[in-house]
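Trainee: Would you be able to build a 3D model of this:
(chains A and B)
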Amino acid sequence: MIRPISSDIGSSRRGPHAVFRPLFAAAVLILAIAVPVSAQQKGTQKGQSGVQWDDGSIRFGDSVRIDPKVRVQGDVLLWNDPGSVEDRFQWGSRRLGVDGEIFNRVQFQVERAFTEDDDDDTPWRDVFVDVRINRALQVRGGRFKLPFSLERNTSRDQLDFVQRATAVRALSPARDTGVMLHGRVAERLVGYEVGVFQHADGFDLTDDPNSWSALGATLAGRVTVSPIRDKDDGPTRDLEFGVALTRNTVPEGLNSVVGRSFNNDRFFERLDVNGQRTRLGAEGMWRGRRATIKGELLQLTDQRLQQSITGEDLSDLVLRGGYVTALVRVFGEPGRRGQAVDVAARIDRLTLGSGNDTDEPFTNPRADHVAPLAKNTLTFGGNWQVHRWVRVQGNLIRETLVDSLGVRDVNTEPVWTAIMRFQFAL
Amino acid sequence: MLKPLLRRLVIGLLLQSAAVTSVQAQTNDDLFNESAVQTLQITIHSRDWESLRANFTSNQFYPADVTWNGLRVRNVGIRSRGLGSRSGIKPGLEVNFAHYSSRGQFLGMRALVLDNLTTDPSMIRERVAFSFLRRLGVPAPREVHANLYVNGQYSGLYVIVEPVDTVFVQRWLGENSGALYEYHWLTPYYATFLGEDLDIYRPLFEPRSQENLSTFDLFDPVRELFRTINTAPAGSFRDAVNAKLDVESTLRLVAAESFLAEWDGILGYAGMNNFYLYRPAASAQARLFPWDADHTFHALDYPLLAGAPENVLMRRMLEDPVLRARYFDLVLEAVNSASSGDWLVREVTNDYLQIRDSAIADTLKPYTIEEFDAAFAELLAFARSRPSFVTSQVQQNR
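Mentor: Predicted coordinates:
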């Protein structure tokens, strides 16, 4: 059986000061850049004045726009087999925040969560300032998602399914504090994001605060190519491909990533790692008039220096995964946010393994040949956009663990879950 | 030129093959060979060993390699174990060969217990007790002393204990497809009927096999056993209980424990304790297996029937004239077995002499060598005097 194990990483991490000091410094830096840039743009602004409520936005003339952000999600678990439904209702994401724009140059966002709905170590989600110097160069500073994974960088209220793909949840980094350059070049054909972050993974280093200085920064980059963008005629409206990479150092200990089932139970435990963590990602998305197909391939490798029982290096820990999603709009205008009904299906897979796949396999956290384990997930979904702010989602999920060498004590029978989500998102 | 080389190669291969054969030929009987103190080596990542010792109250497993007599078992799971004997200085250990691989085993066993001997200054009490039980035909774990080395450093004198698991059951009963339960002491319990609610029995009788059976399949037989013990009419008590419990083996176990002045066993000072219950798949007759005999040899004048009046099972068995007579016969059988050729005196003495050098070298034990010697003297006195005391108790009570 998949056993519930409470997460130990993420509950006790850096103190609030440690998080916000660099964040504050980054914000000051960005604003320092922003003010002179905005001053140069004054002549281009329209001559409106006064406070206006405009379609969900508060506008102070043409100079300032502030969008209040509210998100409330409630999940109703309909069915779970095998297993019983005990807590049928639970809150999904509950967040409050604002985003906005100043002088058409400076964007900002502040968002706070009131439910533990992500792998973040503080209730603050996106807290950043983004300055547009020109289309080719924008600078973002603060706390935000790393440029890795198409689905991770899709807001939770815009997801095609109730939950992100297993591989995305396990292999993509969460938010972090840092500075990132981004923009589009080559006549908007190519987009890029490249940033430096404190740490991409919220390691628990409370016992050894000196480890922070030893870890160094996280580097992350993503390049996307969009041969077709926003094309109204023809079978293809959007076509985009991308690759991404992150690299950071993981401290010695049980700090590998974990795989989680839909109901958040771990299906494999943390393993001992030490050294470099490298993430690689490839993504693609095709959007037609009524249909969308997208997918990603992700890989995470962790070095395991001096981690064998006798203190020698172990082979790298290797986790791979990916998904393909197909979505069809069966009712409603294509591409609009009005009333609409979409149906979607996604197949995704996450595998755990190691560089050594020939010796005798074991499940222990210092095994050179880590006994492979995979989880295949099939998700069918329907999304009903009742109103631009109200959405109802229904998902039927089939999860199966694959123990290809038969050395793990896991239940390989499929687990079915059916769930409804009600969402209000302003 | 080539011939001598070829000859050397062939001889080398033959020698290597012979060495491998001799290593492979070892069995768990060799491991539990009591004629010498065994040597066990554990190789574990230094961080893990530090963590295990620092968090000795935790049951977390750590990976390790275990070497015995040239046999190395890789990637076993070890964890701190015990109740009152838990220690961060000299941890009691469970070595689980199957924890990190469902195929894992060592000499046909899936696990071993390394008893740290921190609650017994004599360091031989349990080994002698289990040896005596086995001599009387009671299925009891095998034990042997071992010098333990962790990452090449001497870590003390331990006892390797054969766990009561499905492998143990198979060895003694020839089958293991039934349900095995480990009894957990929670409050004083004297074999009373606890009621209809099956969930009451779950914390007391933890399933150690067939864990995936339904609550009803697991605990209805346990409930019915204790219902019968408590409610069967006196006239049919013997047959009714015998249908659900192997009365002969139970009487034999209790008789042996009583002879050994077991203070914390079936008739323990605070209710039943330290036993496993096994319900064979093909029979409703449950069996009891002893565990943790650290409190045997409690006192040489410890009353033979101590704990019997409080325990419903024992009280009712003694009320049945046939079972009462059989019980006292079995006690006298124990007396004779202990006295025959001074078996108990010799066993206590031999074990003491065998381990004394290791006990002196063990600087992690929580008592002095003088206390060790004194504890041995007490056991020796017990071994010499207990048979006559018990015989007189039988004569008084029979």
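
Trainee: List the buried residues of the longest helix along chain B.
Mentor: The longest helix of chain B (DSSP state H) is helix B:369-397. For helix B:369-397, burial by neighbour count (16 or more other C-beta atoms under 10 Å in any protein chain shown) applies to B:372, B:375-376, B:378-380, B:382-383, B:386-387, B:389-391, B:393-394. Glycine gets a C-beta too; all of them are placed from N, C-alpha and C.

Trainee: Would you mind pulling up the elements that it packs against?
Mentor: helix B:247-259, helix B:321-339, helix B:343-361 (3 or more C-beta pairs under 8 Å, 6 or more residues apart in numbering or on different chains; DSSP states H and E).

Trainee: try 7 Å
Mentor: helix B:321-339, helix B:343-361 (3 or more C-beta pairs under 7 Å, 6 or more residues apart in numbering or on different chains; DSSP states H and E).

Trainee: Which one, of those, ends up nearest to chain A?
Mentor: Chain A lies closest to helix B:343-361 among those, at 25.2 Å (C-beta to the nearest C-beta).

Trainee: Spatially central residue for chain A, please.
Mentor: A:Arg152 (2.3 Å; C-alpha atoms, centre = their mean).

Trainee: Next, the contact list for that residue, please.
Mentor: A:145, A:164, A:168, A:172 (C-beta atoms under 7 Å, 6 or more residues apart in numbering or on different chains).

Trainee: let's see 10 Å
Mentor: Applying C-beta atoms under 10 Å, 6 or more residues apart in numbering or on different chains, we find A:Arg152 in contact with A:145-146, A:164-165, A:168-169, A:171-175, A:244, A:281, A:296, A:298.

Trainee: okay, and for the stretch 201-350 of chain A, where does confidence drop off?
Mentor: Under the criterion pLDDT under 70, the flagged ranges of the stretch 201-350 of chain A are A:202-214, A:335-337.

Trainee: Quick one: name the residues of it near chain B.
Mentor: Within reach of chain B by C-beta under 10 Å from any C-beta of the partner chain, the stretch 201-350 of chain A has these residues: A:252-254, A:272, A:274, A:306-311.

Trainee: Adding distance to B:Ser155, secondary structure and neighbour count, write the residues you listed out as CSV.
Mentor: Shown next, in CSV, are those (distance: C-beta to C-beta, whole Å; DSSP: H, G, I helix; E, B strand; the rest coil; neighbours: other C-beta atoms under 10 Å in any protein chain shown):
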residue, distance to B:Ser155, secondary structure, neighbour count
A:Glu252, 24, strand, 17
A:Gly253, 24, strand, 22
A:Leu254, 24, strand, 17
A:Asp272, 22, strand, 25
A:Asn274, 26, strand, 19
A:Gln306, 23, coil, 16
A:Gln307, 23, coil, 25
A:Ser308, 21, coil, 19
A:Ile309, 16, coil, 24
A:Thr310, 17, coil, 12
A:Gly311, 18, coil, 13
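
Trainee: any idea which of those residues is the one closest to A:Thr417?
Mentor: Distance to A:Thr417 across those (C-beta to C-beta) is lowest for A:Leu254, with 28.3 Å.

Trainee: wait, that closest one sits on A:Asp302?
Mentor: No. Between A:Leu254 and A:Asp302 there is no contact under C-beta atoms under 10 Å: 11.4 Å.

Trainee: tell me, what's touching these two both at once?
Mentor: Jointly contacting A:Leu254 and A:Asp302 under the rule C-beta under 10 Å, 6+ apart are A:271-273.

Trainee: nearest to chain B, of these?
Mentor: Nearest to chain B, judged by C-beta to the nearest C-beta, of those is A:Asp272 at 7.6 Å.

Trainee: Could you double-check that A:Leu215 lies in contact with A:His199?
Mentor: Yes. Using C-beta under 10 Å, A:Leu215 makes contact with A:His199 at a distance of 6.0 Å.

Trainee: Just want to know which of those two has more residues nearby.
Mentor: Applying other C-beta atoms under 10 Å in any protein chain shown to A:Leu215 and A:His199 shows that A:His199 carries more neighbours, namely 22 against 16.

Trainee: To which secondary structure element type does the residue in the stretch 301-426 of chain A that chain B sits nearest to belong?
Mentor: The stretch 301-426 of chain A approaches chain B most closely through A:Asn364 (3.6 Å), counting by C-beta to the nearest C-beta. Assigned with DSSP: H, G, I helix; E, B strand; the rest coil, A:Asn364 falls in the coil class.

Trainee: Also B:Arg127?
Mentor: helix.

Trainee: got it, and A:Ala344?
Mentor: Of the three states, A:Ala344 takes strand under three-state DSSP.

Trainee: which residues does it bridge with?
Mentor: A:Leu327, A:Gly381 (DSSP bridges).

Trainee: Do I have it right that it meets A:Val324?
Mentor: No. Counting by C-beta under 10 Å, A:Ala344 does not reach A:Val324; the two are 11.0 Å apart.

Trainee: Which residues of the stretch 201-350 of chain B lie near chain A?
Mentor: Residues of the stretch 201-350 of chain B lying near chain A by C-beta under 10 Å from any C-beta: B:Asn212.

Trainee: Which strand or helix spans A:Asn153?
Mentor: A:Asn153 is part of no helix or strand when elements are defined by DSSP states H and E.

Trainee: excluding its backbone neighbours, what's nearest it?
Mentor: A:Lys145 (5.4 Å; C-beta to C-beta, 6 or more residues apart in numbering or on different chains).

Trainee: could you list every residue that touches that neighbour?
Mentor: Shown in contact with A:Lys145 (C-beta under 10 Å, 6+ apart): A:118, A:125-126, A:128, A:152-155, A:172-176, A:180, A:220.

Trainee: PyMOL command for the buried members of the residues you listed?
Mentor: Selecting the buried subset of those in PyMOL, with 16+ other C-beta under 10 Å as the burial test, is done by:
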select buried, chain A and resi 118+125+126+128+152+153+172+173+174+175+176+180+220
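
Trainee: all strands in the stretch 151-300 of chain B, in order from the N-terminus.
Mentor: B:153-161, B:179-183, B:205-207, B:275-279, B:287-290 (DSSP state E, counting those that start in this stretch).

Trainee: Who are the contact partners of B:Pro207?
Mentor: B:179-182, B:213, B:218-219.

Trainee: Return the item of the residues you listed having minimum pLDDT.
Mentor: Least confident entry in the contacts of B:Pro207, by pLDDT: B:Leu213, with 89.

Trainee: Give the burial count for it, as a bare number.
Mentor: 12.

Trainee: for the one 10 residues further on, same thing?
Mentor: Counted with other C-beta under 10 Å, the neighbours of B:Arg223 add up to 19.

Trainee: Contact partners for it?
Mentor: Contacts for B:Arg223 were tallied using C-beta under 10 Å, 6+ apart; they are B:193-198, B:200-201, B:205, B:216.

Trainee: likewise B:Gln105?
Mentor: Applying C-beta under 10 Å, 6+ apart, the residues near B:Gln105 are B:73, B:76, B:97-98, B:111, B:167.

Trainee: list the buried ones in stretch B:153-170?
Mentor: By neighbour count on 16+ other C-beta under 10 Å, the buried set for stretch B:153-170 is B:155-169.

Trainee: Same check on stretch A:227-243?
Mentor: A:237-240, A:242.

Trainee: now, which of those lie within strands?
Mentor: Using DSSP state E, A:238-240, A:242 are the members of those that sit in strands.

Trainee: Can you name the residues bridging to B:Gln38?
Mentor: Taking DSSP bridges, one finds B:Ala146 as the beta-bridge partners of B:Gln38.

Trainee: Next, the contact list for residue 220, please.
Mentor: No chain was given, so I picked chain A. By C-beta under 10 Å, 6+ apart, the neighbours of A:Ala220 are A:145-148, A:173, A:176, A:178, A:180, A:193-197, A:200, A:244-248, A:279.

Trainee: Sorry, I should have been clearer: chain B.
Mentor: B:198, B:201, B:214.

Trainee: Please consider this matter closed, and thank you.
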